[in-house]
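> Return atomic coordinates for the entry below.
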Amino acid sequence: MERKAIYAGSFDPPTIGHLNVIDRAAKMFDKVYVVIGDNSQKKTYLDLTTRKFMLMGMLDFLDGKPRHSNVKIKIASNQYIAHVAKRLGANFLVRGLRDTIDYSYEHNVFQVNKRLAPSVETVYLMCDSSDQLVSSSIVKAMIGFIGWSKAITDKLHPAVLGDLKVWWLRKRLKDLHERGRCSLGHYENTWEVINENYRNRAYHNFDHLIECFAWLDKMAISLKPYKKDPIEYALWFHDVKDDVNESAKLAISLLSWGSTKNDTKGIGELIQSTNHSQEVHGRGFMVEYGFIASVDLAILGSLPDDYLEYTANVREECLQKGCSPEEWIKGRLEFIDDFLAREHIYPNEEMRRELENQARSNLEEEYVRLTNKRNGDH
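This next block holds a predicted model:
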């Protein structure tokens, strides 16, 4: 008799804890159905299509070489899992347990399932100790904070993490467009431009955008509400091209809808503020200029390990564009010299209080490293 099992959940989003259970169940049973529960009365963070796509990526269905040949993905809409098991001919329900709180909840679920399908047995798999603090709820609670895309890296499969970042960015862009009363087609066109120009870069990529928006949300309390959306529009486009003037031109050509129609010039100027010239940083009377310039430079005030990762990524991106290692060092030293000579690195006073000292320390240490490297002292 073929041993069939069901592993059901909302997978909102799927985590490495879910993957661990699936991997173990695939070894124990002849066939495993991973069932995505879709309850119309229960609001989920991710829509059903996205959750299924993430599971398919996590289980390598998308590249034609599934992680497990005996695992299938199914959807159950407004159905009891015990009834789904009977319909699929499954005689086991697989459940993952992390702690005694899970056990208490699962005991009640077991009683219900046993009444609905007496012949279906429940098999509990204890999670590995490394996964005890991994859950979809914890992942969702971490999203949106500064550094969130890196903080959840160890909780999600790389394919799921990538999909989640894209989903989050697309939702944010769509919400922005809806506030600007633009068409769905215009949003899709804008996303294509964003995706094409940010996706495969070493530093000026989706992670950089996500960090900029996290800082925007954190600091926006100091802004008047009507000023936040123009800054967000500008952040979407500020690094879409290598030259800020080209980025500004592209943004102006696309931003011609709704409430932004008469402010495209202002958004273009906000984008140009991220060239970080002394002149721009001196526009103290324009709060928005100082705000967006500071948000773009937040990485300079990051913790040392994060700063080292940033410098490695910026260097890689520069080399990818044809810059030689010697040219990189020369240009970077000029960049550092310029900022260390300024009275303030951050035009925005609040970000200055929070990041200025760490930024100066990071830049000074990098200057020493690069000078030693240029002089042959490795």
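> can you list the domains in this protein?
Domain segmentation of the chain under automatic domain parsing yields 4-139, 140-374.
> Span of the first one from start to end?
Across domain 4-139, the terminal residues are separated by 30 Å (C-alpha to C-alpha, to the nearest Å).
> Could you do the longest one as well?
With C-alpha to C-alpha as the measure, the first residue of domain 140-374 is 45 Å from its last.
> Quick one: distance of it to the chain centre.
How far domain 140-374 lies from its chain's middle: 14 Å, per C-alpha atoms, centre = their mean, to the nearest Å.
> Average pLDDT for that domain, rounded please.
Average pLDDT, domain 140-374: 90.
> quick one, strands of this structure?
Taking DSSP state E, the strands of the chain run over residues 4-9, 31-38, 71-77, 92-97, 121-126.
> Need the nearest residue in space to residue 68, chain neighbours excluded.
Once flanking residues are discounted, residue 68 sits nearest to residue 26: 4.1 Å by C-beta to C-beta, 6 or more residues apart in numbering. Any C-beta I mention is one placed from the backbone N, CA and C, and that applies to glycine too.
> Now do the contacts for the most centrally placed residue in the chain.
Centroid-nearest residue in the chain, with C-alpha atoms, centre = their mean: residue 165, separated by 3.1 Å. Applying C-beta atoms under 8 Å, 6 or more residues apart in numbering, one finds that residue 165 lies in contact with 149, 206-207, 210.
> Out of the strands of the chain, which is closest to residue 176?
Counting by C-beta to C-beta, residue 176 lies closest to strand 31-38 out of these; the figure is 28.1 Å.
> Count the neighbours of the closest residue to residue 164 other than its chain neighbours for me.
Closest residue in space to residue 164, ignoring its immediate chain neighbours: residue 13 at 5.8 Å, by C-beta to C-beta, 6+ apart. By other C-beta atoms under 10 Å, 27 other residues sit near residue 13.
> Correct me if wrong: residue 13 contacts residue 161.
No - using C-beta atoms under 8 Å, residue 13 is not in contact with residue 161, being 9.0 Å away.
> give the contact list for the residue nearest to residue 11 when sequence neighbours are not counted.
On the basis of C-beta to C-beta, 6+ apart, the spatially nearest residue to residue 11 that is not a chain neighbour turns out to be residue 51, at 5.1 Å. Contacts of residue 51 were listed using C-beta under 8 Å, 6+ apart, and they are 10-14, 36, 44.
> same question, residue 150
By C-beta under 8 Å, 6+ apart, residue 150 lies in contact with 207, 306.
> One more: residue 333?
367, 370-371, 374.
> Among those residues, the buried ones, what's the ChimeraX command?
This is how ChimeraX selects the buried members of the contacts of residue 333, with burial counted by 16 or more other C-beta atoms under 10 Å:
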select :367,370
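> mind putting the contacts of residue 333 in a markdown table, distance to residue 154 included?
Shown next, in a markdown table, are the contacts of residue 333 (distance: C-beta to C-beta, whole Å):
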| residue | distance to residue 154 |
| --- | --- |
| 367 | 32 |
| 370 | 31 |
| 371 | 35 |
| 374 | 36 |
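> Tell me which residues of the longest helix seen in the chain come out buried.
In terms of residue count, the longest helix belonging to the chain (DSSP state H) is helix 349-374. In terms of neighbour count (16+ other C-beta under 10 Å), helix 349-374 has its buried residues at 351-352, 354-356, 359-360, 362-363, 366-367, 370.
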